[in-house]
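Engineer: Only the shape, not the letters, is given here:
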């Protein structure tokens, strides 16, 4: 029986064909003769007590400029229960619209839909705050609205990272030191004058060597990772900010961190997750739309999407 997959994602026009992880997953699904559909979050709706969508059947092409062919001239109205698996691959920001989408998907999930990742867990697991649950893995951290507390934290650690809780891709991340003349204005801007919480973390000196992305599949680490080395003009280890990606194997410490986190990911239904590790420390847990599949595939001549879909296939069979 053909597996029917729906990918909820950004507009096909926004896809970076050279590096997009969602495209890698869709190409693997197509090679397996799965039936592939696509929609955006705005295409979801609740009607007659069922969650439905305006979806388009597609074909994908990895090595061409026009990476997708829309097979339907007009999107079809389909009950989400039609699909065997639904991939929630919409990129942040995690705004109110994203929040409402998780509510709709949770309704669909309660009606029997198989959704990856679990929409309730996506909603409950802020990518920065979730990491702090694993205190044994993280650097010293403060989350606060309060300028005085944030300044005290800086005074204690001399050099810190300050970032918004809802940012992604290295956006709105700052390094602060005691001699920085912009401490107050940076805190004011990031906290919106004390009306929004931010995260402060002790600066990890090993960050100059890179920020490691580790992929977790059903609670287990993939054996290879991507070390994202900052450019000479930026301290951020994010590919979106010009960092260079280099494949690497996991260290003993990496595996220990993964072992601390894996059971919780399985319990929450967070099937495909990206961990960010700097030096010996976990800094973020990416649950919304993890990336770096393509870069690790290329570095080691592997096929991560195949392992992801193998696991999904087994879960689909067990549900039938």
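Structural biologist: Looks like it came in fine. Model, not experiment: these values are computed from the prediction.
Engineer: list the buried ones in stretch 46-54?
Structural biologist: Within stretch 46-54, the residues that qualify as buried are 51, 52, 53, 54, counting by 16 or more other C-beta atoms under 10 Å. Where you see a C-beta, it was placed from the backbone N, CA and C, and this is true even at glycine.
Engineer: Could you look up the SS state of the last one?
Structural biologist: Put plainly, it is residue 54. Of the three states, residue 54 takes strand under DSSP: H, G, I helix; E, B strand; the rest coil.
Engineer: Kindly report the same for residue 306.
Structural biologist: Under three-state DSSP, residue 306 falls in the helix class.
Engineer: Quick check: the residue nearest to it when sequence neighbours are not counted vs residue 312, distance?
Structural biologist: Computed as C-beta to C-beta, 6 or more residues apart in numbering, the closest residue to residue 306 that is not its neighbour in sequence is residue 28, at 5.7 Å. In this structure, residue 28 lies at 10 Å from residue 312, with C-beta to C-beta, to the nearest Å as the measure.
Engineer: Spell out, range by range, the helices that occur in the stretch 101-250 of the chain.
Structural biologist: Ranges of helices in the stretch 101-250 of the chain, per DSSP state H, counting those that start in this stretch, are 119-124, 147-157, 183-190.
Engineer: so of those helices, which one's packed in deepest?
Structural biologist: Comparing the helices of the stretch 101-250 of the chain by mean neighbour count (mean count of other C-beta atoms under 10 Å), helix 119-124 comes out on top with a mean of 20.
Engineer: Could you check how far that helix is from the centre of its chain?
Structural biologist: When distances are taken as C-alpha atoms, centre = their mean, to the nearest Å, helix 119-124 is centred 12 Å away from the chain's centroid.
Engineer: Does anything pack onto that helix? Which helices or strands?
Structural biologist: Other helices and strands packing on helix 119-124, by 3 or more C-beta pairs under 8 Å, 6 or more residues apart in numbering; DSSP states H and E, are helix 96-110.
Engineer: Need the residues that contact the helix it packs on.
Structural biologist: Taking contacts as C-beta atoms under 8 Å, 6 or more residues apart in numbering, the residues outside helix 96-110 that touch it are 8, 41-42, 44-46, 51, 80-81, 86, 88, 90, 92, 113, 115, 118-120, 122-123, 288.
Engineer: picking up where we left off before, how about the residue nearest to residue 306, phi and psi?
Structural biologist: Backbone geometry at residue 28, expressed as degrees, to the nearest 10, gives phi -60, psi -40.
Engineer: mind giving me the domain ranges of the chain?
Structural biologist: Residue ranges for the domains of the chain, per automatic domain parsing: 4-122, 140-203, 206-286+290-302.
Engineer: So, low pLDDT: which residues of the protein?
Structural biologist: Within the chain, the stretches with pLDDT under 70 are 168-170, 233-242.
Engineer: again, only this time at 80
Structural biologist: By pLDDT under 80, the weakly predicted segments of the chain are 62-65, 167-172, 231-243, 320.
Engineer: about what we covered before: higher neighbour count, residue 28 and residue 312?
Structural biologist: Per other C-beta atoms under 10 Å, whichever of residue 28 and residue 312 has more neighbours is residue 312, with 24 against 21.
Engineer: Could you check how far the more buried one is from residue 164?
Structural biologist: Going from residue 312 to residue 164 by C-beta to C-beta gives 32 Å.
Engineer: now swap in residue 249 and tell me
Structural biologist: Looking at residue 249 against residue 164, where the rule is C-beta to C-beta, the gap reads 32 Å.
Engineer: Which one of these two is surrounded by more residues?
Structural biologist: Taking neighbours as other C-beta under 10 Å, residue 249 and residue 164 compare with residue 164 leading, 20 against 9.
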